[in-house]
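1. Got a sequence here, can you build the structure:
(one chain, ligands or ions: 1)
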Amino acid sequence: MNIQRVLVAGAGTMGGGIAQTFAQGGFEVLLYDEVPEVAASAVPRMEKGLQKVVEKGKMTADDVAASLARIQVADDLAPAAQCQFVIEAIIEDFAVKADLLAELASICPPHTIFATNTSSLSVTDLGQASGRAANFVGLHFFNPAPIMKLVELVLTPETSSETAETVGNLAVAIGKVPVLVKDSPGFVCNRLLMPMINEAIVLLEEGVASAEDIDTVMKLGCGFPMGPLELSDLIGNDITLAVMESLRERLSSDKYQPAGLLEEMVDDSRLGRKTGSGFTCGR
Ligand code: CAA
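-> Numbers count the residues shown, from 1 in each chain. Below is the predicted model of the structure:
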């Protein structure tokens with residue numbers, strides 16, 4: 001299928017980043033968020049991020065303007081009818097995602113491909129909730145979406161081979177490297193990454209080392225671009241907690257028990273960069 005126009009539902013950190021990625025890849029993008037202020041702030045946020053890229057001489061101001069001009073903020077989901085590909089990056093709540101997918105299914109023609117950016121829910125169950133399981137995949141981006149090269153392309157037992165091929169080609173067209181993974185809790189990245197971040201929080205809680213020193217160990221000892229605590233602040237500590245809780249529940253193992261300190265941070269709304277306070281920022 002020839003994909004030219006894409007709808008991204010959810011204009012938060014991930015949805016905005018995904019929209020920017022498609023726009024930079026030359027696609028027409030409709031960006032929707034049910035909260036108008038979130039939708040309105042997404043493009044200015046992209047402009048700010050891209051300003052630094054222009055200053056570094058990696059893109060021209062004209063290229064940035066042309067990319068951002070390809071993004072239209074939609075007031076409702078009706079324009080999804082003109083899109084060949086729809087991806088949702090809304091709150092990690094199955095019922096809310098299922099409602100959105102059902103609404104999109106009532107608007108889009110049958111051939112439109114649906115994707116979810118979920119990092120913790122079952123792609124198979126979401127595909128069934130959409131009523132178009134053969135045209136449904138997980139396309140899991142990494143934060144910051146415009147920069148990180150990987151996407152996990154999650155296929156369910158019902159995903160058609162044509163859909164898998166189309167979305168794989170689409171990922172390549174936006175400059176990503178798709179890795180095929182089965183629909184399994186946390187896929188590959190979060191199954192490995194989140195327990196490591198959680199253990200870094202346990203080390204901090206036990207007073208084994210300071211947050212800065214834990215991060216330094218992993219940067220200088222293991223070549224990480226940023227330490228696990230700074231990374232949790234980037235991802236959002238609420239997301240780290242949600243993924244750990246989902247791994248514990250779906251894999252029925254206390255191995256994935258979230259650190260008490262992580263739960264406290266989330267209770268105190270210290271979610272990381274997005275609230276200006278976390279393990280490594282705003283202390
Ligand atoms: N839009 C597009 N490109 C941008 C950009 C933007 N807003 N901002 C920066 N770039 C480009 C820069 O031009 C630069 O390009 P070159 O490599 O060609 O020079 C590149 O992106 C890197 O930018 P910076 O030099 O400013 O960034 P940095 O070197 O300080 O690295 C980082 C920042 C990429 C975030 C790095 O610290 C890193 O890789 N951190 C780890 C991030 C990570 O692990 N993410 C995954 C989290 S897990 C997840 O997201 C899954 C989940 O489900 C929770």
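2. ok, and does the biggest helix by length in the chain reach over to the ligand?
-> For the chain, the longest helix by residue count, based on DSSP state H, is helix 36-55. Yes: residues of helix 36-55 contacting the ligand under Cβ under 6 Å from any ligand atom: Gly49, Leu50, Lys52, Val53. Where you see a C-beta, it was placed from the backbone N, CA and C, and this is true even at glycine.
3. Which one of the residues you listed is nearest to the ligand?
-> Taking Cβ to the nearest ligand atom as the measure, Gly49 is the one of the residues of helix 36-55 next to the ligand closest to the ligand, at 3.0 Å.
4. Quick check, pLDDT for the closest one.
-> pLDDT, the model's per-residue confidence, is 95 for Gly49.
5. what's the answer for Arg283, then?
-> Looking at Arg283, its pLDDT reads 66.
6. Going by neighbour count, which of the residues of helix 36-55 next to the ligand comes out on top?
-> Leu50 (21 neighbours; other Cβ atoms under 10 Å).
7. Straight-line length of stretch 139-152, end to end?
-> 6 Å (Cα to Cα, to the nearest Å).
8. contacting residues around it?
-> 13-14, 17-18, 20-21, 24, 49, 87, 89, 115-119, 138, 153-154, 167, 171, 175-179, 181, 187-189, 234-235 (Cβ atoms under 8 Å, 6 or more residues apart in numbering).
9. Let me see the contact set for Thr13.
-> By Cβ under 8 Å, 6+ apart, Thr13 lies in contact with Asn143, Gly236, Lys274.
10. ok, now how distant is it from Ser269?
-> For Thr13, the distance to Ser269 (Cβ to Cβ, to the nearest Å) stands at 16 Å.
11. and what of Ser119?
-> Note on Ser119: its distance to Ser269, by Cβ to Cβ, is 21 Å.
12. and what of Leu7?
-> Distance of Leu7 to Ser269, computed by Cβ to Cβ: 31 Å.
13. higher neighbour count, the two?
-> Ranked by neighbour count (other Cβ under 10 Å), Leu7 and Ser269 place Leu7 first, with 28 against 11.
14. so that one bridges to which residues?
-> According to DSSP bridges, the partner residues bridging Leu7 are Leu30, Val86.
15. and the closest residue to the ligand within the stretch 51-200 of the chain, helix, strand or coil?
-> In the stretch 51-200 of the chain, no residue comes nearer to the ligand than Ser119, which is 3.2 Å away by Cβ to the nearest ligand atom. The three-state label given to Ser119 by DSSP: H, G, I helix; E, B strand; the rest coil is coil.
16. What does it show for phi and psi?
-> Per-residue torsions, Ser119: phi -110, psi -10 (degrees, to the nearest 10).
17. Please list all residues in contact with it.
-> Contacts of Ser119 (Cβ under 8 Å, 6+ apart): Glu92, His140, Gly186, Phe187, Asn190, Ile239, Val243.
18. Report the separation between the residue nearest to Lys274 when sequence neighbours are not counted and Asn143.
-> In this structure, Lys274 finds its nearest non-sequential neighbour in Gly236, 5.8 Å apart by Cβ to Cβ, 6 or more residues apart in numbering. From Gly236 across to Asn143, the span is 8 Å (Cβ to Cβ).
19. The two - which one has more neighbours?
-> Remark: of Gly236 and Asn143, Gly236 carries more neighbours, 21 against 17, as counted by other Cβ under 10 Å.
20. contacting residues around the more buried one?
-> The contact partners of Gly236, taken as Cβ under 8 Å, 6+ apart, are Thr13, Leu271, Gly272, Arg273, Lys274.
21. The second one - how many residues pack around it?
-> Think Leu271. 21.
22. Wait, it touches Thr240, no?
-> No: applying Cβ atoms under 8 Å, one finds Leu271 not in contact with Thr240, separated by 9.4 Å.
23. to the chain's geometric centre, what's the distance from whichever strand or helix holds Phe114?
-> According to DSSP states H and E, Phe114 maps onto strand 113-116. Its chain's average C-alpha position is 13 Å from that of strand 113-116, according to Cα atoms, centre = their mean, to the nearest Å.
24. next one: stretch 228-245
-> The answer for stretch 228-245 is 12 Å, by Cα atoms, centre = their mean.
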